[in-house]
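# Turn this into a model:
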Amino acid sequence: MEFLLIIAGVILLIALYFIFGIFLKFIWGWLPLILGVISGVAIGFLGGWVGAIIGLILVIGSINFTNSWQDSALYLKFEDFIEKKFYFKD
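Below is the predicted model of the structure:
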């Protein structure tokens, strides 16, 4: 019985390793959009009409920035590092 628990624990650790890598890759790719939407919505609700316009501009700008971010050298270099570290290319 203990042997089965050890095997289940090892399989769980391997699964958590890959899940952490997937989560890290997702956050790295979408961080500008997540931050832009959160700040845009907060400014939109707290700032009245002018804040709503600024919030909308922030959200649209963060979408455009995320597109350019995912083509940048820094993003691609770190994404390749994540893929090598968590064995996503196999």
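# Contact partners for the residue most central in space within the chain?
For the chain, the residue nearest the mean C-alpha position is residue 27 (1.2 Å; C-alpha atoms, centre = their mean). Under the criterion of C-beta atoms under 8 Å, 6 or more residues apart in numbering, the contact partners of residue 27 comprise residue 34. (C-beta placed from N, C-alpha, C; glycine too.)
# for residue 14, same thing?
The contact partners of residue 14, taken as C-beta under 8 Å, 6+ apart, number zero.
# where exactly do the helices run in this structure?
For the chain, the helices identified by DSSP state H occupy 2-46, 48-69, 73-85, in order along the chain.
# What angle do helix 48-69 and the last one make with each other?
Calculated by axes from the mean of the first three to the mean of the last three C-alpha atoms, to 10 degrees, helix 73-85 forms an angle of 60 degrees with helix 48-69.
# could I get the helices of the chain as TSV with mean pLDDT?
Output for the helices of the chain, formatted as TSV (pLDDT from 0 to 100):
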stretch	mean pLDDT
helix 2-46	93
helix 48-69	93
helix 73-85	90
